[in-house]
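Chemist: here is my input; please provide its structure:
(chains A and B)
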Number of protein chains: 2
Amino acid sequence: MSEKKIPYKIYLEESEMPKEWYNVRADMKNKPAPLLNPGTKQPMTLEELSGVFCTELAKQELDDSTAYIPIPDEIRDFYKMYRPSPLVRAYCLEKKLDTPAKIYYKFEGNNTSGSHKLNSAIAQAYYAKKQGLKGVTTETGAGQWGTALSMACSYFDLDCKVYMVKVSYEQKPFRREVMRTYGASVTPSPSMTTQVGRKILEQHPGTTGSLGCAISEAVEVAVSSEGYRYVLGSVLNQVLLHQSVIGLETKKALDKYEIVPDIIIGCAGGGSNLGGLISPFMGEKLRGEKDYRIIAVEPASCPSFTRGKYAYDFCDTGMVCPLAKMYTLGSDFIPSPNHAGGLRYHGMSSTLSQLYDDGLMEAVSVEQTSIFRAAEQFARVEGILPAPESSHAIRVAIDEALKCKETGEEKTIVFGLTGTGYFDMVAYEKFHNGEMSDYIPTDEELAASLAKLPTV
Amino acid sequence: MSEKKIPYKIYLEESEMPKEWYNVRADMKNKPAPLLNPGTKQPMTLEELSGVFCTELAKQELDDSTAYIPIPDEIRDFYKMYRPSPLVRAYCLEKKLDTPAKIYYKFEGNNTSGSHKLNSAIAQAYYAKKQGLKGVTTETGAGQWGTALSMACSYFDLDCKVYMVKVSYEQKPFRREVMRTYGASVTPSPSMTTQVGRKILEQHPGTTGSLGCAISEAVEVAVSSEGYRYVLGSVLNQVLLHQSVIGLETKKALDKYEIVPDIIIGCAGGGSNLGGLISPFMGEKLRGEKDYRIIAVEPASCPSFTRGKYAYDFCDTGMVCPLAKMYTLGSDFIPSPNHAGGLRYHGMSSTLSQLYDDGLMEAVSVEQTSIFRAAEQFARVEGILPAPESSHAIRVAIDEALKCKETGEEKTIVFGLTGTGYFDMVAYEKFHNGEMSDYIPTDEELAASLAKLPTV
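Modeler: Residues are numbered from 1 along each chain as shown, chains lettered A, B, ... in the order given. Below is the predicted model:
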């Protein structure tokens, strides 16, 4: 098909939307290492996992052999309200960069949660409802996940208890109000509502909280409340499974126009977006059908892939969650106050960690001010004001396109634009005022937190 | 076509996007009254208008006979980045209301400006660039229009000077930062940069500004700076022309599925959205081809249609702009601090005023808390967090759908969802906390401001 016919935005028909999620683990020779019980150090059983997660989600977490899992109609109906998301040809960015590269981005920000997080939130809420639960608990940092879950729970009429890191609760009142609009209860963490919260407040009365602490509170409430389970927006295998809808739509849209990408780029915090975006492409790679360059982009301030260690570690700072084998900076690692809140996690999805360890993908880390320069450049020509998280992928897509300009190669670059930055204007303001700094942890700092990895 | 086949979101193909705007004035027997020179009280000539507006836009302002005006390719290319916008079937809302009515909404919020304003901003920026201007000036209240214009100017590399009502500048720093991201200069109004600003600051040192004052400053800068013109985001005929893209897409999407609306509903401040949405339908009505109920919804706190007078009035409080014949509350009228900033204008589009006066449309006013109840109900089932302005249309759409539930009628309702409320969370917070009040001006207050209408 001639290039002229490719529209600015490729939309699939509703009938072309995926009817099944794709489970990349089924095609992996080296399976991701299992979650371990933190007490026994033995693989978590379905029964153990079902105490924390909904049973169906626990099954999905453990299932590394079923390649395609049907998307229930109720979830597909919800998807239809904001999906398919467009695959956009970045004609204006290409022109601005004067590059022969062809750049596409899958834009997941056109929904009220502002990001791709809704894809898994609605699935997790659905299974909770189906199990007859009263509600779910979770934590949120910057607030994208909390917002997405609030929307999903509101749709299925489930109670939603969000523990929001106190500093975000105070500094991001707008996200909090979006969650309240959807009927969620939002509690600043640490709080007096849990044992772990009270303990932390006793030890550190002035603390503004952390994601790790909020996780511990949300888990405690879930396991101690009748009819509640805990849900998580990233890292887990089940989340990557749900997020495969991003990659499946992307692949179908590309196939429609016979476009074959050379490079696929995604930002990586816990791995939900990247894992979802790349899954069908990685599947082809694993099955030896095609080859692609796949690049994970992470903040230089929280470089789990590029400077972390592949080892079992705690998923939370409270050490109540199972152990996961992953690229990690140590559960003790406190990233500097980077503005890409969604990428400030010490570990990385076990699935992606295994794929990276097997040499099936690359990783690169980038600094904050360079991210915001890319974000602003992108916004001015493509219209969309990107989230700081998403802008990590934009940065590397631009860098790769500029390399093509040097070499004259007409590479096709696809990247994931996970969300919008409407609730990140404080960060943009700092950038505009020249008040933003870069921070890279020293080798000593990393060594110190990695020294505390648990022995398995 | 059977109803089952109607998807949640009807998207047009890029090739189906309008190639011409539709100028409803061409089909009006009673043309809207001309703008008058405030000094001579004579109709403004093209030459006079061209001192304030770009020449091509001045021509569009005066043209009440050409039905279809081609959309330049450069503007269509920009439209392709965020248009066509979806026409959404509100299946979930219908189910929640348990109504036999079929509800559709045209959603204009999926772009960074967050509203339909971008449709005219890009057109106005294009003509300014084509005329070889250096830049444009404008005012903004809540910030949607300023954001849209900043995006448009950034795309065409035009300078953009925005006078932002001081109280909004201070209370809505995020909107300001979005504009700065797109390279606009944003000045709190009143400011020391203009004569009119200095005069007002001298008389009222503590003033937090008003839209009327910001207009006066922006116009002063435009007419006194080499290579600058003034642009406006609503009220004007040219703006309604550009916004006809909303209605044309809506009509085409409905026609594709052989859907004929019974009722068309839009919120009305200056009239840009309503005028654009209804234009092709009103055209059919004017030509006697079809009939539709068309309802304008305005805030009870600023009820120009329902309680104003159809008369010539000043468009700004500084009285430097031309006089327009319109439904007005008097240019002196200060609406209460309603949260739908985009609807707080004392007058109404001359075109819509004439159509309303001719009995071709209805108008209804609604109170603030009732708006936010509708907004929250809509958000919880349809996912989208609506702007307070847009929620006026939601309120009446819900009310009409509930009437259908009473009568059993299967009416088809179409309304305009002009934008998202991501920058309106302070208002939502007040609503959640029960701190929001309603305010309706007294007859005495209205009589006082209407007593000051100019004599023509």
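
Chemist: so what's the residue nearest the centre of chain A up against?
Modeler: Nearest residue to the geometric centre of chain A (C-alpha atoms, centre = their mean): A:S272, 3.3 Å. Residues counted as contacts of A:S272 (C-beta atoms under 8 Å, 6 or more residues apart in numbering or on different chains) are A:116-117, A:120, A:233-235, A:239-240, A:243, A:349. C-beta: built from backbone N, CA, C; applies to glycine.

Chemist: which parts of the stretch 101-250 of chain A are strands?
Modeler: Listed in chain order, the strands of the stretch 101-250 of chain A (DSSP state E, counting those that start in this stretch) span A:102-107, A:135-140, A:159-165, A:185-189, A:228-230.

Chemist: point out the residues in the stretch 251-400 of chain A that sit beside chain B.
Modeler: Neighbours of chain B within the stretch 251-400 of chain A, by C-beta under 8 Å from any C-beta of the partner chain: A:376, A:379-385.

Chemist: in helices only, show me those.
Modeler: Among those, the members falling in helices are A:376, A:379-382 (criterion: DSSP state H).

Chemist: A:L62 versus the residue nearest to the centre of chain A, what's the distance?
Modeler: Distance of A:S272 to A:L62, computed by C-beta to C-beta, to the nearest Å: 18 Å.

Chemist: now swap in A:R180 and tell me
Modeler: 35 Å.

Chemist: got it, and A:I294?
Modeler: Using C-beta to C-beta, A:I294 is found at 25 Å from A:L62.

Chemist: on that earlier part again, quick one: which of the strands of the stretch 101-250 of chain A is nearest A:Y327?
Modeler: Among the strands of the stretch 101-250 of chain A, strand A:135-140 comes nearest to A:Y327, with 21.3 Å by C-beta to C-beta.

Chemist: now check the closest one, is it near chain B?
Modeler: No - using C-beta under 8 Å from any C-beta, strand A:135-140 stays clear of chain B, with a minimum separation of 15.4 Å.

Chemist: gap between that strand and the chain center?
Modeler: Mean-position distance between strand A:135-140 and its chain equals 16 Å (C-alpha atoms, centre = their mean, to the nearest Å).

Chemist: same deal with stretch A:318-334?
Modeler: Taking the mean of its C-alpha atoms, stretch A:318-334 sits 17 Å from the chain's own mean (C-alpha atoms, centre = their mean).

Chemist: just the buried positions in that stretch, please.
Modeler: Neighbour counts over stretch A:318-334 (16 or more other C-beta atoms under 10 Å in any protein chain shown) mark A:318, A:320-334 as buried.

Chemist: likewise stretch A:186-193?
Modeler: Here stretch A:186-193 shows A:186-191 as buried, counting by 16+ other C-beta under 10 Å.

Chemist: dump the host helix or strand of A:S279 to PDB, keeping only the CA atoms.
Modeler: Assigned by DSSP states H and E, A:S279 belongs to helix A:272-286. Extracted C-alpha coordinates of helix A:272-286, given in PDB (Å, rounded to 0.1, in the frame of the first residue of the first chain):
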ATOM      1  CA  SER A 272       2.800  -2.500  32.500                       C
ATOM      2  CA  ASN A 273       2.800  -0.300  29.400                       C
ATOM      3  CA  LEU A 274       6.000  -1.600  27.900                       C
ATOM      4  CA  GLY A 275       5.000  -5.200  28.500                       C
ATOM      5  CA  GLY A 276       1.600  -4.600  27.000                       C
ATOM      6  CA  LEU A 277       2.800  -2.700  24.000                       C
ATOM      7  CA  ILE A 278       5.600  -5.200  23.000                       C
ATOM      8  CA  SER A 279       3.800  -8.500  23.800                       C
ATOM      9  CA  PRO A 280       2.600  -9.600  20.300                       C
ATOM     10  CA  PHE A 281       5.900  -8.400  18.700                       C
ATOM     11  CA  MET A 282       7.900 -10.200  21.400                       C
ATOM     12  CA  GLY A 283       5.800 -13.200  20.700                       C
ATOM     13  CA  GLU A 284       6.800 -13.200  17.000                       C
ATOM     14  CA  LYS A 285      10.400 -12.700  18.100                       C
ATOM     15  CA  LEU A 286      10.200 -15.600  20.600                       C
END
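
Chemist: from the chain's centre, how far out does that helix sit?
Modeler: 13 Å.

Chemist: report how many residues lie close to A:G206.
Modeler: Residues contacting A:G206 under the criterion other C-beta atoms under 10 Å in any protein chain shown number 5.

Chemist: now do it against B:V396, distance only.
Modeler: 50 Å.

Chemist: wasn't A:E410 part of a strand?
Modeler: No - applying DSSP: H, G, I helix; E, B strand; the rest coil, one finds A:E410 to be coil, outside a strand.

Chemist: hmm, it is touching A:C404, no?
Modeler: Yes - between A:E410 and A:C404 there is a contact under C-beta atoms under 8 Å: 7.0 Å.

Chemist: what do the two both touch?
Modeler: Shared contacts of A:E410 and A:C404, defined by C-beta under 8 Å, 6+ apart, are found at A:100-101.

Chemist: which of these two has more neighbours?
Modeler: Set A:E410 next to A:C404 and count neighbours by other C-beta under 10 Å: A:C404 wins out with 22 against 12.

Chemist: same question for the helix or strand hosting that one, mean pLDDT?
Modeler: According to DSSP H and E, A:C404 maps onto helix A:388-407. If you average the pLDDT over helix A:388-407, you get 98.

Chemist: just checking, next helix/strand downstream of that helix?
Modeler: Criterion used, DSSP H and E; the element after helix A:388-407 is strand A:412-417.

Chemist: who does that following strand pair up with?
Modeler: Taking DSSP bridges as the criterion, strand A:412-417 pairs within the sheet with strand A:102-107 (parallel), strand A:263-267 (parallel).

Chemist: CA atoms only: put it into PDB for me.
Modeler: What follows is strand A:412-417 as a C-alpha-only set of coordinates in PDB (Å, rounded to 0.1, in the frame of the first residue of the first chain):
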ATOM      1  CA  THR A 412       9.900   2.700  11.200                       C
ATOM      2  CA  ILE A 413       9.700   3.600  14.800                       C
ATOM      3  CA  VAL A 414       6.700   2.800  17.000                       C
ATOM      4  CA  PHE A 415       6.500   4.100  20.600                       C
ATOM      5  CA  GLY A 416       3.900   4.000  23.300                       C
ATOM      6  CA  LEU A 417       2.400   7.400  24.400                       C
END
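
Chemist: what lies in contact with it?
Modeler: Contacts of strand A:412-417 (C-beta under 8 Å, 6+ apart): A:87-88, A:101-109, A:116, A:246, A:250, A:254, A:259-267, A:273-274, A:277, A:384, A:386, A:390, A:393-394, A:396-397, A:400-401.

Chemist: next one: stretch A:13-28
Modeler: So stretch A:13-28 is in contact with A:31-32, A:60, A:63-71, A:76, A:79-80, A:83-84, A:237, A:240-242, A:244-245, A:247-249, A:252, A:275, A:279-280, A:282-283, A:286-287, A:351, A:354-355, B:7-9, going by C-beta under 8 Å, 6+ apart.

Chemist: what about that stretch, how long is it end to end?
Modeler: 31 Å (C-alpha to C-alpha, to the nearest Å).

Chemist: over that stretch, what's the mean pLDDT, rounded is fine.
Modeler: According to the model, stretch A:13-28 has a mean pLDDT of 97.

Chemist: list the buried residues of it.
Modeler: Applying 16+ other C-beta under 10 Å to stretch A:13-28 flags A:14, A:17-18, A:21-28 as buried.

Chemist: brilliant, that's me finished.
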